[in-house]
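Asks: model the following, please.
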Amino acid sequence: MKGFRKYDDMTLDKLKKELIDIFEVFDSLCKKYDIKYFATGGTLLGVVRHGGFIPWDDDLDIGMLRTEYEKFIKIPHSEFEGYGLCAPEITPGGYYSFVTKFYKKDTKFITPISYADNKNDMGIFIELFPFDDVQENLLEKQKKRVNRIKALYTTAACEHIIVFDVGLKGIIKKMAKRIIKIYVSLTHKTLESLTKEYIDVVDTAIETEKAYAFSDVGHLIAKEGVESPVYRKFENIQMLVPSDYDMVLKGLYGSNYMQLPPKEKRWNQAPMYIGFSDGSAVDFQNNG
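Replies: Below you'll find the predicted structure:
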């Protein structure tokens, strides 16, 4: 694959150590402020199937019910010494998606989009996903509205029009993004107003038994299982997971989730550049 950047084992192991360091700070803050979280997505699968990271994985996905998430983003930033929080509710446009990042300041994690848009200040991060109460009969309608807002936000958050596809597909995408930028400008939408519109759609203030992560993870969970999470081993630490993790994983990956995927699906694409807290760095653009 042209332009594909692959981790070497040493770099991936080093990245995982940084992620665990970040998570331990996050976990300590949650304990201090009595905030519940839970492993979600591939991280939850890693906890249950591998007792830690999926061997080829390079991130940490953490879920929180909306009420717990709101408590976390309101923690005084003086508590974040050496760390930062990039969330659409408090730093609109700080990143080109609605996914909240809790990151280490003395590191760098530069993706192709952030590199192309000259936004190179993001550190190595864990991702936080708020789960919102949902009425299942209205979920598809909400998802469509959210996807529309995401398209506007992600395009508006980038100063430049960024397209990696070539040929006709690239031309069409570039034209679509130009139209979106013009629309955002003509309608006087801002990143702040788009964030508010997004929150208004997902945070309905109606209590239900199920919750959904609209920002990215995108799966339905029973709130009961995450309101009483349990600790399980993750590498050399402990991490909270939903008490009904088996049901959650079956919903995400099917009943055979303990089975490893074929080798051709065991991969993850490295970013453009990683700067580690010890001062070392890996430039995948120049190395690959």
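Asks: longest strand anywhere in this protein?
Replies: Under DSSP state E, the strand in the chain containing the largest number of residues is strand 125-133.
Asks: kindly export that one (C-alpha atoms) in PDB.
Replies: This file holds the C-alpha atoms of strand 125-133, laid out as PDB (Å, rounded to 0.1, in the frame of the first residue of the first chain):
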ATOM      1  CA  PHE A 125      -3.100  10.400  23.900                       C
ATOM      2  CA  ILE A 126      -5.800   8.200  25.200                       C
ATOM      3  CA  GLU A 127      -9.200   8.700  23.700                       C
ATOM      4  CA  LEU A 128     -12.400   9.400  25.800                       C
ATOM      5  CA  PHE A 129     -15.800   8.600  24.500                       C
ATOM      6  CA  PRO A 130     -19.000  10.000  26.200                       C
ATOM      7  CA  PHE A 131     -21.900   7.600  26.000                       C
ATOM      8  CA  ASP A 132     -25.300   9.300  25.900                       C
ATOM      9  CA  ASP A 133     -28.800   8.000  26.800                       C
END
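Asks: paired strands for it, with orientation please.
Replies: Counting by DSSP bridges, the strands paired with strand 125-133 are strand 61-65 (parallel), strand 100-104 (antiparallel), strand 210-212 (antiparallel).
Asks: ok, and what's touching the last one?
Replies: Among residues not part of strand 210-212, those counted as contacts by C-beta atoms under 8 Å, 6 or more residues apart in numbering are 65-66, 131-134, 136, 139, 142, 218-223, 226. In short, each C-beta sits where N, CA and C put it, glycine included.
Asks: among those residues, give me the pair with the biggest separation.
Replies: When the contacts of strand 210-212 are compared pair by pair using C-beta to C-beta, the two farthest from each other are Gln142 and Val226, 19.4 Å apart.
Asks: neighbour count for the two, which is higher?
Replies: Val226 (25 against 17; other C-beta atoms under 10 Å).
Asks: show me where the stretch 101-250 of the chain has strands.
Replies: Using DSSP state E, counting those that start in this stretch, the strands assigned to the stretch 101-250 of the chain run over residues 108-110, 125-133, 210-212, 220-222, 230-234, 237-241.
Asks: give me the helices and strands touching the first one, please.
Replies: Pointing back at strand 108-110 there. Other elements packing on strand 108-110 under the criterion 3 or more C-beta pairs under 8 Å, 6 or more residues apart in numbering; DSSP states H and E are strand 273-275.
Asks: name the next helix or strand downstream of the strand it packs on, please.
Replies: Scanning the chain past strand 273-275 towards its C-terminal end, the next helix or strand to appear is strand 281-283 (assignment: DSSP states H and E).
Asks: just to revisit the earlier point, would you turn the strands paired with strand 125-133 into TSV with mean pLDDT?
Replies: Shown next, in TSV, are these (pLDDT from 0 to 100):
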stretch	mean pLDDT
strand 61-65	97
strand 100-104	96
strand 210-212	95
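Asks: need the helices for the stretch 1-150 of the chain, in chain order.
Replies: 9-32, 41-50, 66-73, 112-116, 139-157 (DSSP state H, counting those that start in this stretch).
Asks: next: the stretch 151-288 of the chain.
Replies: Taking DSSP H, counting those that start in this stretch, the helices of the stretch 151-288 of the chain run over residues 167-186, 191-202, 223-227, 245-253, 284-287.
Asks: which one of those helices lies nearest to Pro76?
Replies: Nearest of those to Pro76, taken as C-beta to C-beta: helix 191-202 at 21.1 Å.
Asks: okay, the angle between that closest one and helix 139-157?
Replies: Taking axes from the mean of the first three to the mean of the last three C-alpha atoms, to 10 degrees, one finds that helix 191-202 is oriented at 170 degrees with respect to helix 139-157.
Asks: what packs against helix 191-202?
Replies: Taking 3+ C-beta pairs under 8 Å, 6+ apart as the contact definition, the neighbouring helices and strands of helix 191-202 are helix 139-157.
Asks: just the CA atoms of the helix it packs on, as PDB, please.
Replies: These are the backbone C-alpha positions of helix 139-157, laid out as PDB (Å, rounded to 0.1, in the frame of the first residue of the first chain):
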ATOM      1  CA  LEU A 139     -31.100   6.300  17.300                       C
ATOM      2  CA  GLU A 140     -30.800   6.100  13.500                       C
ATOM      3  CA  LYS A 141     -32.300   9.600  13.200                       C
ATOM      4  CA  GLN A 142     -29.800  10.900  15.700                       C
ATOM      5  CA  LYS A 143     -26.900   9.200  14.000                       C
ATOM      6  CA  LYS A 144     -27.800  10.900  10.700                       C
ATOM      7  CA  ARG A 145     -27.900  14.300  12.300                       C
ATOM      8  CA  VAL A 146     -24.600  13.700  14.100                       C
ATOM      9  CA  ASN A 147     -22.900  12.500  10.900                       C
ATOM     10  CA  ARG A 148     -24.000  15.700   9.200                       C
ATOM     11  CA  ILE A 149     -22.600  17.900  12.000                       C
ATOM     12  CA  LYS A 150     -19.400  15.800  12.000                       C
ATOM     13  CA  ALA A 151     -18.800  16.400   8.300                       C
ATOM     14  CA  LEU A 152     -19.200  20.200   8.900                       C
ATOM     15  CA  TYR A 153     -17.000  20.200  12.000                       C
ATOM     16  CA  THR A 154     -14.100  18.100  10.700                       C
ATOM     17  CA  THR A 155     -13.900  20.100   7.500                       C
ATOM     18  CA  ALA A 156     -14.200  23.500   9.300                       C
ATOM     19  CA  ALA A 157     -11.600  22.500  12.000                       C
END
